[in-house]
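S.K.: show me the folded form of this:
(2 chains)
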Amino acid sequence: MMKEIVIISGKGGTGKTSLTASFAVLGGQDIVAADCDVDAADMHLLLQPDQGRSEEFFSGQLAEIDPDICTQCGACVTICRYNAISVIDGKHQVKPLDCEGCGYCARICPVNAISNIDNNVGQWLISEIKTGSKMVHASMKVGAENSGKLVAKVKKEANIIAQNENKSFIIVDGSPGVGCPVVSSLSGADYVVFVTEPTVSGLHDLKRVFELVDKFKIPSGCIINKADLNNDKNDEIRTFLNDMRIDHIIDLPYDESFTKAMTQGKTIVEYAKSEIGSIVEKSWNMIKKRIIELN
Amino acid sequence: MKIAIASGKGGTGKTTLATNLSSYFAETKQTVLVDLDVEEPNSKLFLQGDLIHHEEKYKMIPEWDPTSCTLCGLCRKVCNFNAITQILDEIMVFPELCHGCYACSELCPVGALPMKPKKMGVLTHYKNRDLSFIESKLDIGEEQAVPLIAQTLEYVDRVFPGDILKIFDSPPGTSCPVIEATKSADFIILVTEPTPFGLHDLTLAVETIREIGKPFAVVINRFGIGDNKVEQYCHKEKIPIIAKIPNQRKIAELYSEGKLLFREIPEVRSALEAIMEYIDTLYLRRAT
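M.R.: Okay, here's the model as predicted:
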């Protein structure tokens, strides 16, 4: 039975993607990787996918005014709640970055000068990573609405591959924050791994994103990265994990090898000079063991 | 003058720069810091101040009035977000899908979908001498950051109408919330780190900012770690690098405790000085 592991952090820069990519490498042939951090997708920099199959992704609509039909009556400006229609040189125009695609203007335009066009928000890809396994990822167009739909698509495609090829795990690099994209990342997850750091903001964001995960009732564990940076904060995080019954998976020391490996396009487990690779490997084995226990 | 601090990648030091820069500015002039990273606002963790105002923030969503509804089905048809459905003789609204466009409410022939406020978050306003600090926090379960960011900016414009220095701590990424947070700014500072992830996300952020058409510059954080490809990129793209904050474990430790850096790390203070000088030049150029 295939299991889906989602790695999230709430706060950026805690090492989420570096660890997710390490797990994807350690998982070898038995995984499918999915990069759901579509807003700032970085996992490909470590997993080096070939440019496999790609497909454009459309989500929602955008209003478009036909200048030949428009009578410049201004009815659309009056009803638009997003101030997405401006008048430039006496002509009404839609500002694509502000338009939410509600279609209201097109409905009330007295001369039908406005149409709704499908909004191309980016593309999604299926590629082969350096271990020979597959990765599903996406690139979003700048300023596009990350409604979570592209994230959902990435996960769905990863699921199809995992089913067809009989893989044991889907490893998902989750989205940041607590809004739609992360909600989409979490849906259907079997286990959530939080990556945090012993800092005031690390703890603060962990608590917030846990509140969300707890709503979905998904079992979870936590890796404390840079654990020796602040012992008091580390204790506070451990207490929180204990109180909330979150598995404390492992502590990783503050170590710049992660960055050094990254500059060579490697995950930490492929970087020979670091002992931290073996701790990461241990944490991967613990996560796998825990998921088996949970069944 | 409004300065937005943004970055493609999370965790590059946006909040560190926003809190330090605004506290540093506030030593000599009135400064307003606005935390627009409403999903994970963190600025408050690094600042002290007296709470002077607190308000709940609402978004408008339609509420079904069964007494006047004729079940004509128009509301379902006009909703582009599938936020309205009909089950037997009942209309249901899904608030988390609603974008508040008012189409269903205003087009309903019998006025059976009046718009009603729904709480989406909380705005708090603190003050510490010359530093005013506004933070908005999205309620857990609320999925759309943009309306809260827009309302927070409205509050700031209303309360601080003059040409006061305003610093926006923007959300990470390159999608709608970042656009909303940066589009009213006069100048944008992109914070990055000299690593492959930093560079990749910087290029996306630059693309986004160029789309909005705002002047911008780069600050490199954790300078010394990683490689020099960010500098090469900025040079090639003719993007000014206005300051570099060194990579030091001591900085990471101070940050972990929620402390400001510039009072203890001279290199951080000189980086802030360089940024202030750059901004002063912009001010002068704008004034003439």
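S.K.: burial of residue B:267, as a residue count?
M.R.: Residue B:267 has 16 neighbouring residues, counting by other CB atoms under 10 Å in any protein chain shown. To be clear about C-beta, it is placed using only N, CA and C from the backbone, and glycine gets the same treatment.
S.K.: next one: residue B:140
M.R.: 16.
S.K.: on the three-state scheme, the nearest residue to it once chain neighbours are set aside is what?
M.R.: With sequence-adjacent residues excluded and distances taken as CB to CB, 6 or more residues apart in numbering or on different chains, residue B:140 is closest to residue A:211, at 4.8 Å. Of the three states, residue A:211 takes helix according to DSSP: H, G, I helix; E, B strand; the rest coil.
S.K.: hang on, isn't residue A:211 packed against residue B:138?
M.R.: No - assessed by CB atoms under 8 Å, residue A:211 is found out of contact with residue B:138, at 11.7 Å.
S.K.: between the two, which has more neighbouring residues?
M.R.: Each of residue A:211 and residue B:138 has its neighbours counted (other CB under 10 Å); residue B:138 has more, 26 against 14.
S.K.: now stretch B:99-112: buried residues?
M.R.: B:99, B:100, B:101, B:102, B:103, B:104, B:105, B:107, B:108, B:112 (16 or more other CB atoms under 10 Å in any protein chain shown).
S.K.: which members of those additionally contact chain A?
M.R.: B:99, B:100, B:101, B:102, B:103, B:107 (CB under 8 Å from any CB of the partner chain).
S.K.: what sits against the fifth one?
M.R.: What that stands for is residue B:103. The contact partners of residue B:103, by CB atoms under 8 Å, 6 or more residues apart in numbering or on different chains, come to A:79, A:102, A:103, A:104, A:107, B:78, B:79, B:80.
S.K.: among those, which ones are in helices?
M.R.: Counting by DSSP state H, the contacts of residue B:103 place A:79, A:104, A:107, B:78 in helices.
S.K.: buried subset of these?
M.R.: Buried among the ones in helices among the contacts of residue B:103 (16+ other CB under 10 Å): A:79, A:104, A:107, B:78.
S.K.: and the gap between the first one and chain B?
M.R.: Relative to chain B, residue A:79 is positioned 7 Å away (CB to the nearest CB, to the nearest Å).
S.K.: is any residue of the helix or strand where residue B:204 lies near chain A?
M.R.: Using DSSP states H and E, residue B:204 maps to helix B:196-212. Yes - for helix B:196-212, a contact with chain A is found by CB under 8 Å from any CB, at B:196, B:197, B:200, B:201, B:204, B:207, B:208, B:211, B:212.
S.K.: what about the second one, distance to residue A:258?
M.R.: This means residue B:197. According to CB to CB, to the nearest Å, residue B:197 stands 10 Å off from residue A:258.
S.K.: comparing the two, which shows the higher neighbour count?
M.R.: More crowded of residue B:197 and residue A:258, by other CB under 10 Å: residue B:197, with 26 against 23.
S.K.: tell me the domain ranges of the chain?
M.R.: Went with chain A since none was named. As given by automatic domain parsing, the domain ranges for chain A are A:3-48+A:129-294, A:60-120.
S.K.: that answer is for a different chain, and I need it for chain B
M.R.: B:2-57+B:122-287, B:64-113.
S.K.: ok, which stretches of the stretch 1-150 of chain B are helices?
M.R.: Secondary structure of the stretch 1-150 of chain B (DSSP state H, counting those that start in this stretch): helices located at B:14-25, B:74-78, B:103-107, B:146-159.
S.K.: need the helix or strand of the chain with the lowest average pLDDT.
M.R.: Using chain A here. Taking mean pLDDT, DSSP states H and E as the measure, chain A has helix A:180-186 as its least confident helix or strand, at a mean of 89.
S.K.: actually chain B
M.R.: Every helix and strand of chain B was ranked by mean pLDDT, DSSP H and E. The lowest is helix B:176-182, at a mean of 88.
S.K.: run through the neighbouring helices and strands of that helix.
M.R.: Applying 3 or more CB pairs under 8 Å, 6 or more residues apart in numbering or on different chains; DSSP states H and E, we find helix B:176-182 packed against strand B:2-6, helix B:146-159, helix B:196-212.
S.K.: what does stretch A:254-274 contact?
M.R.: For stretch A:254-274, contacts defined as CB under 8 Å, 6+ apart pick out A:15, A:18, A:21-22, A:24-26, A:45-48, A:226-229, A:276-277, A:280-281, B:195-197, B:225-227, B:247, B:249, B:252.
S.K.: any buried residues in that stretch, and which?
M.R.: A:254-255, A:258-262, A:266-271, A:274.
S.K.: straight-line length of that stretch, end to end?
M.R.: For stretch A:254-274, the first and last residues are 12 Å from each other (CA to CA, to the nearest Å).
S.K.: so how far is it from its chain's centroid?
M.R.: 22 Å (CA atoms, centre = their mean, to the nearest Å).
S.K.: wait, doesn't residue B:105 sit right on residue B:113?
M.R.: Yes - with contacts counted by CB under 8 Å, residue B:105 reaches residue B:113, the gap being 4.6 Å.
S.K.: overlap of the contact sets of the two?
M.R.: residue B:62.
S.K.: test my guess that residue A:139 contacts residue A:127.
M.R.: No - taking contacts as CB under 8 Å, residue A:139 lies outside contact range of residue A:127: 11.7 Å.
S.K.: sorry, back to before: which neighbours do residue A:211 and residue B:138 share?
M.R.: Joint contacts of residue A:211 and residue B:138 (CB under 8 Å, 6+ apart) are residue A:178.
S.K.: residues from the stretch 1-150 of chain A in reach of chain B?
M.R.: So the stretch 1-150 of chain A meets chain B at A:10-14, A:17, A:39-40, A:42, A:45, A:60-61, A:79, A:81-82, A:97, A:100-104, A:107-108, A:116, A:140, A:142-146, A:148 (CB under 8 Å from any CB).
S.K.: please redo it, this time with the cut-off set to 7 Å
M.R.: Where proximity means CB under 7 Å from any CB of the partner chain, the interface of the stretch 1-150 of chain A facing chain B comprises A:10-14, A:17, A:39-40, A:42, A:45, A:61, A:79, A:81, A:97, A:100-104, A:107, A:140, A:142-146.
S.K.: which parts of the stretch 51-200 of chain B are strands?
M.R.: Along the stretch 51-200 of chain B, the segments classed as strands by DSSP state E, counting those that start in this stretch run B:84-87, B:90-93, B:115-128, B:131-138, B:165-169, B:187-192.
S.K.: elements contacting the last one?
M.R.: Judged by 3 or more CB pairs under 7 Å, 6 or more residues apart in numbering or on different chains; DSSP states H and E, strand B:187-192 is in contact with strand B:2-6, helix B:196-212, strand B:216-223.
S.K.: run the angle between the longest one and strand B:2-6 for me.
M.R.: Right, helix B:196-212. Following axes from the mean of the first three to the mean of the last three CA atoms, to 10 degrees, one obtains 140 degrees for the angle between helix B:196-212 and strand B:2-6.
S.K.: run the chain-centre distance for helix B:196-212.
M.R.: 16 Å.
S.K.: contacts for it, please.
M.R.: The contact list for helix B:196-212 (CB atoms under 7 Å, 6 or more residues apart in numbering or on different chains) reads A:17, A:40, A:42, A:45, A:142-143, A:262-263, B:6-9, B:12, B:174, B:178-179, B:182-183, B:188, B:190, B:192, B:216, B:229-230, B:233, B:237, B:239.
S.K.: ditto for stretch B:249-261
M.R.: A:198-200, A:229-230, A:233, A:254, B:16, B:19-20, B:23, B:45-46, B:264-265, B:268.
S.K.: hang on, the earlier thing: let's have the buried residues of stretch B:99-112 in JSON lines, adding pLDDT.
M.R.: Listed next are the buried residues of stretch B:99-112 as JSON lines, based on pLDDT from 0 to 100:
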{"residue": "B:99", "pLDDT": "92"}
{"residue": "B:100", "pLDDT": "94"}
{"residue": "B:101", "pLDDT": "96"}
{"residue": "B:102", "pLDDT": "98"}
{"residue": "B:103", "pLDDT": "98"}
{"residue": "B:104", "pLDDT": "98"}
{"residue": "B:105", "pLDDT": "98"}
{"residue": "B:107", "pLDDT": "97"}
{"residue": "B:108", "pLDDT": "98"}
{"residue": "B:112", "pLDDT": "98"}
